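Undergrad: fold the following, please.
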Amino acid sequence: MGYAQPGQMQWMPHQQPIPGCPPGLEYLTQIDQLLVHQHLELFEILTNYETNNRYQVKNSLGQQIYFAHEESNFCVRQCCGGKRGFMMHITDNSNQEVLRLNREFKCCGGCCWCANCDCVAADISVEAPAGNVIGYVRQSQSWWYPNYDILNVAKEKVLKIKGPFWFCQNVCCTDDIDFNVMSPDLSTEMGKLSKQWGGIIKEHYTNADNFAISFPMDLTVEMKACLLGAVFLVDFMYFEKPKSKNNR
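TA: Okay, the predicted model is just below:
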């Protein structure tokens with residue numbers, strides 16, 4: 001899988017195996033926040049051809065925990081944009097795959113009004129290790145707000161993510177865009193997923209986004225991993241927009 005180069009970054013100290021915890025997810029037992037930074041892709045900036053996305057996943061101290069890279073077809077990336085299906089490989093500091101995310105392409109997918117239908121709802125399955133599903137992120141029906149359900153392996157609702165009614169980021173609007181992590185009945189805020197302002201140049205000329213996500217320390221590692229998966233689904237659905245060559 002080897003894209004990561006551990007010698008060029010500071011990694012979070014290795015964690016000892018924990019009984020019952022999927023291998024490689026021990027890191028998640030020690031944290032209540034993740035930072036996800038997308039790589040700048042020079043070829044994409046120069047040509048406007050969509051490349052496979054790559055990300056660094058860090059803790060609040062800036063220590064890298066995981067490296068994530070997309071696997072998808074070249075033609076699908078150019079033709080389907082943020083709706084595309086993909087496989088996201090998430091590896092640790094020894095380049096061992098500890099998480100795998102799968103998103104299926106759905107021709108009519110993404111419409112929040114019709115997200116009660118499986119053929120329309122955008123979703124991601126979360127596997128740890130690869131081939132062993134531990135949960136799901138699924139778009140839920142709403143009239144305007146971006147809504148997602150975080151489901152366990154039995155497809156029972158554990159958390160919800162509720163996005164803002166309207167959002168933008170530009171030279172006049174530089175606030176972070178917050179998606180609230182809620183209890184299943186929406187009565188209690190449990191955390192937050194935020195698309196961070198990356199600066200005028202980065203926001204205008206690239207698709208390289210920064211996210212932060214917070215959650216309870218005692219949340220299960222499976223649900224923390226699903227919330228990480230939600231970051232990628234939100235990124236592709238709302239922020240994977242082609243930058244016009246006319247803006248360069």
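Undergrad: what segments of the protein are helices?
TA: With DSSP state H, the ranges of helices along the chain come out as 42-47, 74-80, 200-205, 221-234.
Undergrad: looking at those helices, which one is packed in the most?
TA: The highest mean neighbour count among the helices of the chain, using mean count of other CB atoms under 10 Å, belongs to helix 221-234: a mean of 24. For the C-beta atoms, the positions are set from N, CA and C on the backbone; glycine is no exception.
Undergrad: hang on, the earlier thing: nearest to Lys155, out of the helices of the chain?
TA: Nearest to Lys155 among the helices of the chain is helix 221-234 (11.8 Å), distances taken as CB to CB.
Undergrad: on that earlier part again, what about the helices of the chain, which gets the closest to Asp123?
TA: Of all the helices of the chain, it is helix 221-234 that lies closest to Asp123, at 7.6 Å by CB to CB.
Undergrad: please compute how far that closest one lies from its chain's middle.
TA: Chain-centre distance of helix 221-234: 6 Å, with CA atoms, centre = their mean, to the nearest Å.
Undergrad: so, low pLDDT: which residues of the chain?
TA: Flagging of the chain using pLDDT under 70 yields the residue ranges 1-8, 169-174, 198-208, 242-248.
Undergrad: go again using 90 as the cut-off
TA: Residues of the chain that meet the criterion pLDDT under 90 lie in 1-10, 14-15, 39-51, 81, 93, 107-119, 142-145, 165-176, 196-209, 239-248.
Undergrad: now the strands: where do they sit in this protein?
TA: Using DSSP state E, the strands of the chain run over residues 33-38, 54-58, 64-71, 86-91, 97-103, 123-127, 133-139, 147-152, 157-162, 177-182, 189-196, 210-214.
Undergrad: circling back: possible to save the helices of the chain as TSV with distance to Val181?
TA: TSV is the format used below for the helices of the chain (distance: least, CB to CB, whole Å):
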stretch	distance to Val181
helix 42-47	30
helix 74-80	28
helix 200-205	24
helix 221-234	7
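Undergrad: okay, the strands of the chain in a markdown table with distance to Ile45 and mean neighbour count next?
TA: Below are the strands of the chain laid out as a markdown table (distance: least, CB to CB, whole Å; neighbours: other CB atoms under 10 Å):
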| stretch | distance to Ile45 | mean neighbour count |
| --- | --- | --- |
| strand 33-38 | 13 | 20 |
| strand 54-58 | 14 | 21 |
| strand 64-71 | 17 | 21 |
| strand 86-91 | 20 | 22 |
| strand 97-103 | 24 | 22 |
| strand 123-127 | 27 | 22 |
| strand 133-139 | 29 | 22 |
| strand 147-152 | 30 | 22 |
| strand 157-162 | 30 | 20 |
| strand 177-182 | 22 | 20 |
| strand 189-196 | 20 | 19 |
| strand 210-214 | 16 | 21 |
